[in-house]
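[1] The amino acid sequence is not available; the structure is as follows:
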């Protein structure tokens with residue numbers, strides 16, 4: 001019963017994201033709206049973390065399975081992808097390196113900020 005309640009909360013947040021996508025005419029996917037709503041709810045403690053913890057851990061555990069349909073989609077559209085394979089590969093590699101670099105820098109910044117905060121408050 002706990003899982004049903006937790007999945008219901010996650011699904012309701014996703015539904016709210018779909019509604020926002022319908023109401024706000026921006027080119028932002030509904031899932032992003034839902035993630036922002038979930039982050040805001042958890043950050044503001046409107047949604048207690050324990051009320052979605054087990055269901056979210058389950059979803060993280062099965063996340064690799066969610067990439068299978070995307071992979072199959074790439075295989076079925078191989079004829080269209082083949083002529084532009086090199087540019088797509090270059091874009092993928094470059095964007096991956098940029099994302100890794102930016103993520104690393106932001107993480108270092110947050111760690112340093114946290115160390116300053118803990119060191120200064122002692």
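    Received it, and whenever you're ready, just let me know what you need. Please read these numbers as outputs of a predicted model, since none were measured by experiment.
[2] I'd like the distance from the top helix by length along the chain to the chain centre, please.
    Counting residues, the longest helix found in the chain (DSSP state H) is helix 85-120. Here helix 85-120 is found 16 Å from its chain centre; the criterion is Cα atoms, centre = their mean, to the nearest Å.
[3] who does it touch, helix- and strand-wise?
    Helices and strands touching helix 85-120, as assessed by 3 or more Cβ pairs under 8 Å, 6 or more residues apart in numbering; DSSP states H and E, are absent. For every residue, glycine as well, the C-beta is placed using N, CA and C.
[4] Show the average pLDDT along that helix.
    Helix 85-120 shows a mean pLDDT of 93.
[5] Nearest residue to the middle of this protein?
    Nearest to the mean C-alpha position of the chain, by Cα atoms, centre = their mean, lies residue 35 at 6.8 Å.
[6] what mean pLDDT does the helix or strand residue 40 falls within have?
    In the assignment (DSSP states H and E), residue 40 maps to helix 30-43. The pLDDT scores in helix 30-43 average 95.
[7] again with stretch 1-15
    Averaging pLDDT along stretch 1-15 yields 94.
[8] So what's the gap between that stretch and the chain middle?
    The mean C-alpha position of stretch 1-15 is separated from the chain mean by 17 Å, Cα atoms, centre = their mean.
[9] I'd like to check what contacts it. Which residues are they?
    The contact list for stretch 1-15, computed with Cβ atoms under 8 Å, 6 or more residues apart in numbering, reads 30-31, 34, 37-38, 41, 47, 51-56, 58-59.
[10] Please, a ChimeraX command that selects the buried ones among the residues you listed?
    Entered in ChimeraX, the line below selects the buried ones among those, by 16 or more other Cβ atoms under 10 Å:
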select :30,34,37,38,41,47,51,52,55,56
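[11] one step back: ok, now which ones touch the residue nearest to the centre of the chain?
    Residue 35 makes contact with residue 17, according to Cβ under 8 Å, 6+ apart.
[12] mind checking how far it is from residue 90?
    Using Cβ to Cβ, to the nearest Å, residue 35 is found at 29 Å from residue 90.
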